[in-house]
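In: Predicted model and sequence below, questions to follow.
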Amino acid sequence: MKETIVTIPINDLFAPKDGCPLCRMEQMLEQQYCEFVTGDAMMEPSVRIETNKKGFCHRHFSRMTQVGQKLPNALILESHLQEILEDRMPKKAGKPDKKQLDALNEMLSSCYVCDRVEKDMHHLMATVFVEWVKGGEFRELFKSQPFLCLNHYRLMMTAASSKGGVPSKYLSDFHADALALTKNYLESLKGDISHFVTMFDYRSKGKDWGNSVDSIERSIEFLTKEKPETNS
């Protein structure tokens, strides 16, 4: 596949063949936006207006404190907290202001980084669809991925079936490729988990644990996109 500015990140994301390529895509975007918002964008009025209004989820607040300096994070929080005081909280005690409560609910369920990542994920997936339809090297690269995690299989098939997704005459074949990646790995995980369980039977004493040793962690990652924390 000839590389262009648009396709280079797609090649880079699918080349490693290590885990779910859409997880890598999402992680790349999250990293970029957390660095962006705590970097030069901190002084961009249009960005600050959005971050003041939407705020951030716990995951991305945490990531921002990891990639950004303390002062940029403090400045972002200062103006965000001020916005809450001025526009989301009542000026005095009394009957709750429904409009303010609705605005507070909206803010608490939003995240600037999540919104930007979601939008860019759809743009990048559209490029995946275009390259897959062309066939050739990228289609083989797609089919050779270890798996698509459950959440990203759902996301990809929803996007593929929607307007601007995979053309209808190719959709069945695309779904077959995506389904194979997810279902085959799902069946493998189920087998590993079942083997893990049987190893606690006294009749399995001395038998090989095989690939089941980390099957709990791999299953959780497949189901949630997140590697679980483990006791050291």
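Out: Structure received. Residues are numbered from 1 along each chain as shown.
In: ok, Gly19 touching Phe147?
Out: Yes. Between Gly19 and Phe147 there is a contact under C-beta atoms under 8 Å: 7.4 Å. Where C-beta positions appear, they are placed from N, C-alpha and C, glycine not excepted.
In: With neighbour numbers in mind, choose between the two.
Out: Phe147 (22 against 17; other C-beta atoms under 10 Å).
In: Show me how the protein divides into domains.
Out: 8-134, 147-232 (automatic domain parsing).
In: Tell me how far Leu75 lies from Pro45.
Out: 13 Å (C-beta to C-beta, to the nearest Å).
In: element containing the residue nearest to the spatial centre of the chain?
Out: Centroid-nearest residue in the chain: Glu26, 4.2 Å away (criterion: C-alpha atoms, centre = their mean). Under the criterion DSSP states H and E, the helix or strand holding Glu26 is helix 21-37.
In: and that helix, what does it pack onto?
Out: Identification of packing neighbours for helix 21-37 by 3 or more C-beta pairs under 8 Å, 6 or more residues apart in numbering; DSSP states H and E yields helix 8-14, helix 58-67, helix 112-134, helix 150-160.
In: List the buried residues of it.
Out: 21-26, 28-30, 33-34, 36-37 (16 or more other C-beta atoms under 10 Å).
In: Residues contacting that helix, please?
Out: By C-beta atoms under 8 Å, 6 or more residues apart in numbering, the residues outside helix 21-37 that reach it are 9, 13-14, 16, 18, 47, 51, 60, 63-64, 66-68, 76, 112-113, 116-117, 120-121, 124-125, 145, 148-149, 152, 155-156, 225.
In: what does stretch 122-140 give?
Out: By C-beta under 8 Å, 6+ apart, stretch 122-140 touches 1, 6-7, 9-11, 13-14, 22, 25, 29, 142, 155-156, 159-160, 164-167, 170, 174, 177.
In: which of those count as buried?
Out: Neighbour-count burial (16+ other C-beta under 10 Å) applied to these gives 7, 10, 13-14, 22, 25, 29, 142, 155-156, 159-160, 165-166, 174.
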